[in-house]
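Participant: Sequence first, then the predicted structure, then my questions.
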Amino acid sequence: MAVAAVQLPRTESLAADLSGISGRRRTKNRVMTALMALAVIVVGGALVLVLITVIAKGVSIVTGSFPAWFTKDIQLAPRRPGPGMKAAVIGTCLITGMATLIAVPLGIAGAVYLNEYGGTRPFAQVLRFLANVMAGVPSIVMGLFIYVFWVVPRGVDGLNGLSGALALACLMLPIVVRSSEEMLRLVPQNLRDASYALGGSTSRTTLRVVLPKASPGIISGCLLAVARAAGETAPLIFTIGAAKATNWNIFGGTNTSLSMQIYGNAKESFVTAQERAWGAALTLIALAFLFTLCARLLSARLGRTR
Amino acid sequence: MNTSPSESADLRPRRQILDRLFRWSTLAAGALILVILALIAWTITGKSLPVFRSEGFGFFTERRWAPAKEVYGALSFMFGTAVTALIAVVISVPVSLGIALFTTQVAPTWMKKWLVSLTDLVAVVPSVVFGLWGIIFLAPKLVGFYRMIGGWFEGWPILGDVFGKVGAGRTFMTAGLILSIMITPIITSISREVIETCPQTDRDGALALGATRWEMITGAVLPHSMSGIVGAVMLGLGRAMGETIAVALVIGSSPTITANLFSSGDSLPSVIAFQWGEATSEIKRSALIAMGLTLFILTILVNLTATGVVNRATRRVQGAA
C-alpha cells in the first residue's frame, strides 16, 4: 500500500527496450512472460469450463420446470425425475441467514475490541493470532465440534437448522473479525479525535463515527463471508439431518440445503439425481455470485467516497 | 492511538456505565474466539478418547480400517491427505506464482482489476460444485489421459509405479487436480500482496542495470518476496488438507497406501464425511471424530508455521521500507 502511493514511471516502458540484449536472454524473457500468461489462461479456462458445464447442465433442469423448481419440494426417490428444490433453497437461506445474524454482530464487536480498545496489548495480539488460527480450521472440524458440543446433548432433536447455523457461524466468525478490523484500521484517527474533542465517549465515537465510516467495507467483507458460508457442505452433514420437505422452523426438525442436495445427488448413479445436482449447483452459484456482486458494488462505493 | 481521553465530556454516571458495558461486551465478543478454539480442542478430544482407549497409539500406525472387525487405523487416510495435498501444492504453486507475477509485473493497469476478480471468482465457487464437476464431468474424461501417461512410463523403475495401473477416474490424482484449482486463489492473493511490497527502487535498479523483466523478477522481486510466498504456499497446503466435500466425491473412497497416483484412495476429511451416515456405533463415531482431531492438529501446525513465516516476512519488509 505504501509503495503504491509513490507514482513512479511505469516499468513497462523501461522493460520494453530490449535491443542490445543477447538473444538467449531475450528468448528466456519472452518464454517466461508467455508462461505467466499461460498460468492466467489455464486458471481462467478452468473457471470458465466449470461455470459453462454448470450452466449448460443446470439451465434446462431449472427452467424446464420453471416455477416448480422453486415451489415444489424435493423428489423422495432419487431415481425418479422430480422438479422441486424449494426445501433446499429455503433451507440454505434460513440457515445462512441465521448464521449471519449470529456471526456478524459478534465478529464486528470483536473487531471493535481489537482495533478500538485492544490495539497493541498482548491480549489483543493473542486474539488476532487466534483469529488467524481459527480461520484455518477446516470446516468439517467446525461441524464435528457443533455435533459434539451442541447436537449430542440434545439427542435426535439436536439435528435442526439452528445447529447448522451455529456451525456456519463458527466458520464465519474469524473471517468477519479479520476483514472488519482491516476496515476499522482504515478510519482516519482525526475523525476519532474530533469526536472526543466534542465530548464523545469511546462507545459513542465508535458507534456514531467510526462504524458508519467503515460500514461499506465491513458490509462487503461480511457478504463475502456469507457467500462462503452459503456454499459450505461439510459442517452441515453432522448438524442438520436430512429432510426433503420444506421446513420453515429453524429451531426444530431436520432441514436441508442446496449444498447438501448437490452432495447427496452427486453420489447417486441415476441420471435424474445428477440432473438435480446440476440444477442445485446452478442455483447455489447464482446465490453466491449475487452476494459477491453486492460486495463488489459496495467496496466500489467505498473506494469512491474515500 | 486507542486510549479514550479521560477528559471525555460524557461524564454523567449512566453514560459512563454504558461506555464501560460497551467496552466489556466487545471484549467478550473478541474473547469468544479463544473460547471456541478451546472448546473445539476440549470437546473433540473428549469424544476421541474411546477409540484411543481401545486402539492406543496404534490408531495412527495401523493401516487397516475395518469397522466390521473393530479395527480402526487412520494411517491410510493420513497418507491420502498428505498425497492429495502435496499434488495440489506442486501443481498450484507455479500456476499461482505465474498469475501473481503476471498481475503485478506484466499486466497493464486496466487489466489488473480483472485478474484480481478472476482469482476471487474461483474462490467463490463452492467446493461441492467443484466436487460435482469433478465426479461427473472431469473424472470420466481423465481415465484415457491417465492410461496414456501410464503407458509412457510402463516398466520404468520408479515412475512406472507412481503412474501405474488406472482403475477409474476417481483417484488421488483427480483429487489433487481439483484441490489445485481450489487453493490457487489463496496462494495467488497472498503472494500478490507480498510481491506488491517489493520496493519500486529495487525493480528500477535491476532494470537500469540492464536486466530483462524476467531477470528483474528473479533478481529483485522473488528474493524480496520469498518468505512471504513460502507462507502463502503453506496456507494453501493447510486449506488443501482440510478440504472435504470435493475430495470425498472424487477420491474414490477406498483406503489404500500405494505409490500409484492413479489408484483410488481416501483422506481424513473425506472418510469422516462419507462414513458418518453409516456410523451408528459409539466406537466408530469416536474413530471418525478422532480423525477430525488429527486433522485439527495437523492443520493448526501447518497454519501456525505459515502465519509465523508471513508475519516475519511482512515485519522485515515494513522494517526495510
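Facilitator: Everything's here; your move.

Participant: In which helix or strand does the residue most central in space within chain A reside?
Facilitator: By CA atoms, centre = their mean, the mean C-alpha position of chain A lies nearest to A:Arg228, the distance being 2.3 Å. In this structure, A:Arg228 sits in helix A:211-230 according to DSSP states H and E.

Participant: touching chain B at all, the following helix or strand past that helix?
Facilitator: Scanning forward in sequence from helix A:211-230 by DSSP H and E, the next helix or strand is helix A:234-237. Yes - Helix A:234-237 comes into contact with chain B when judged by CB under 8 Å from any CB of the partner chain, the residues involved being A:Ala234, A:Ile237. Placement of C-beta: from N, CA and C, glycine included.

Participant: swap in stretch A:223-232?
Facilitator: Yes - interface with chain B: stretch A:223-232 contributes A:Ala227, A:Arg228, A:Ala230, A:Gly231, A:Glu232 (CB under 8 Å from any CB).

Participant: Any chance of the backbone angles for the fourth one?
Facilitator: Phi and psi for A:Gly231, reported as degrees, to the nearest 10, are phi -90, psi 0.

Participant: what residues are up against it?
Facilitator: With contact taken as CB atoms under 8 Å, 6 or more residues apart in numbering or on different chains, A:Gly231 is in contact with A:Ser259, A:Leu284, A:Ala288, B:Val124, B:Val125, B:Pro126, B:Ser127, B:Val128, B:Val129.

Participant: From chain A, how far out is the fifth one?
Facilitator: Read that as B:Val125. The gap separating B:Val125 from chain A is 6 Å, by CB to the nearest CB, to the nearest Å.

Participant: Hmm, that residue is touching A:Ile285, no?
Facilitator: Yes - with contact defined as CB atoms under 8 Å, B:Val125 and A:Ile285 form a contacting pair (6.6 Å).

Participant: Assign the closest residue in space to B:Asp266 that isn't next to it in sequence to helix, strand or coil.
Facilitator: If you skip the residues right next to it in sequence, B:Asp266 has B:Pro255 as its closest partner in space, 4.5 Å away by CB to CB, 6 or more residues apart in numbering or on different chains. The local conformation at B:Pro255, judged by DSSP: H, G, I helix; E, B strand; the rest coil, is coil.

Participant: Check the average confidence over stretch A:29-43, would you?
Facilitator: The average pLDDT for stretch A:29-43 rounds to 93.

Participant: For it, list every residue counted as buried.
Facilitator: Under the neighbour-count criterion of 16 or more other CB atoms under 10 Å in any protein chain shown, stretch A:29-43 has A:Asn29, A:Met32, A:Thr33, A:Met36, A:Ala39, A:Val40, A:Val42, A:Val43 buried.

Participant: Can you add secondary structure and give those back as JSON lines?
Facilitator: Shown next, in JSON lines, are the buried residues of stretch A:29-43 (three-state DSSP):
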{"residue": "A:Asn29", "secondary structure": "helix"}
{"residue": "A:Met32", "secondary structure": "helix"}
{"residue": "A:Thr33", "secondary structure": "helix"}
{"residue": "A:Met36", "secondary structure": "helix"}
{"residue": "A:Ala39", "secondary structure": "helix"}
{"residue": "A:Val40", "secondary structure": "helix"}
{"residue": "A:Val42", "secondary structure": "helix"}
{"residue": "A:Val43", "secondary structure": "helix"}
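
Participant: and the residues you listed near chain B, which?
Facilitator: Within the buried residues of stretch A:29-43, those near chain B by CB under 8 Å from any CB are A:Asn29, A:Met32, A:Thr33, A:Met36, A:Ala39, A:Val40, A:Val42, A:Val43.

Participant: what residues are up against the residue nearest to the centre of chain A?
Facilitator: For A:Arg228, counting by CB under 8 Å, 6+ apart, the contacting residues are A:Leu171, A:Met172, A:Ile175, B:Ala123, B:Val124.

Participant: B:Ala74: which of these is nearest?
Facilitator: A:Leu171 (24.1 Å; CB to CB).

Participant: With adjacent residues omitted, what lies nearest to residue 224?
Facilitator: In the absence of a named chain, this looks at chain A. For A:Leu224, ignoring the flanking residues on the chain, the nearest one in space by CB to CB, 6+ apart is A:Ala295 at 5.2 Å.

Participant: Can you look at chain B instead?
Facilitator: Nearest in space to B:His224, with sequence neighbours left out and distances taken as CB to CB, 6+ apart, is B:Cys198 at 4.6 Å.

Participant: For B:Ile283, list the residues it contacts.
Facilitator: B:Pro50, B:Val51, B:Ser54, B:Glu70, B:Tyr72.

Participant: Max pairwise distance over the residues you listed: which two?
Facilitator: With distances taken as CB to CB, the most widely separated pair in the contacts of B:Ile283 is B:Pro50 and B:Glu70, at 11.7 Å.
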